[in-house]
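Trainee: The following block contains a protein sequence and its predicted model.
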Amino acid sequence: MRIGIVGVGEIGRAIVTGLCEGDGEVPEVFLSPRGARAAAELSERYPSVRVCAGNQDVVTRAELVIIAVRPHDRHEALAGLRVDDGKIVINVMGGVANEDLRRTLGTGAPVVRAIPLPAIRERRSVTVTCPSHPVVDALFASLGGALPVADEAAFNVFSALTATLSTHYAYLTTLSSWATGHGLAAEEADRYVRGLFEGVGRSLSDESRSLHRLAADHETPKGLNERVRTTWFDQANSGTLRATLDALLADLK
């Protein structure tokens, strides 16, 4: 498989790392000069990775093309690209529908949306795809798992969920900052918060227990965990979160 990536940002780097450090056969990877420093670093690190002269060179050399530019840059970055109908295109641009990208490229090639996450570099990230395509789903299966969905309405719900990641990190930052404000050394507070939630991450791999069950298993009646959950994450805060996600989903549609 010859894979081309147009736009080498954080997700592009993560995909290349996952592809090149896996157990299977390493594909040829062609990178666009966009994100020149990252592309150069990857080509130096992995013998199968090459930086091309331009985006058209990437598309011409590859069988499967991943479009990973920032959504608002897409018209400039993709202008004039010729994509043969025999290629496969993966669209990882947030909020950009497949038909929108197909019109921009003027191609009849199959276009598949995907939501690869940074953990794909460790081949531990489940990637949502739409529509299902055997080649694309097999690619992401090798990088941690594929979760194909039938239509872009469902895909947009997953996109909205993905938008909560940095909020989670901000929550952890607030916990560490609070502890520092009460006299703990910053590095000690940071280390403890990381360890606390790394344990949560490990428990999430136990799919025999529902998320509701996991939450219940981590608190006792009238205990400290229950007190924080019911006092801070009350019905009003839960409603605000749902309303925020509803508004985001409306924009994605």
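Mentor: Sure, I can see it. Residues are numbered from 1 along each chain as shown.

Trainee: Please make it C-alpha for all contacts and neighbour counts, starting now.
Mentor: Fine.

Trainee: Next up, the contacts around the residue sitting nearest the centre point of the chain.
Mentor: In the chain, the residue lying closest to the centroid (Cα atoms, centre = their mean) is L117, at 2.1 Å. Going by Cα atoms under 8 Å, 6 or more residues apart in numbering, L117 touches 11, 125-127.

Trainee: Check the residues you listed and tell me the two furthest apart.
Mentor: Maximum pairwise distance among these (Cα to Cα): 13.8 Å, between I11 and V126.

Trainee: any shared contact partners between those two?
Mentor: Joint contacts of I11 and V126 (Cα under 8 Å, 6+ apart) are 116-117.

Trainee: So which residues of the stretch 1-150 of the chain form strands?
Mentor: Counting by DSSP state E, counting those that start in this stretch, the stretch 1-150 of the chain has strands at residues 2-6, 28-31, 49-51, 64-67, 88-91, 111-115, 127-130, 146-148.

Trainee: Output the contacting helices and strands for the second one.
Mentor: Identification of packing neighbours for strand 28-31 by 3 or more Cα pairs under 8 Å, 6 or more residues apart in numbering; DSSP states H and E yields strand 2-6, strand 49-51, helix 55-61.

Trainee: again, only this time at 6 Å
Mentor: Here strand 28-31 is seen to pack against strand 2-6, strand 49-51 when contacts are counted using 3 or more Cα pairs under 6 Å, 6 or more residues apart in numbering; DSSP states H and E.

Trainee: And these: which comes nearest R194?
Mentor: It's strand 2-6; of the helices and strands packed on strand 28-31, that one is closest to R194 (Cα to Cα) at 32.7 Å.

Trainee: Thanks a lot, see you next time.
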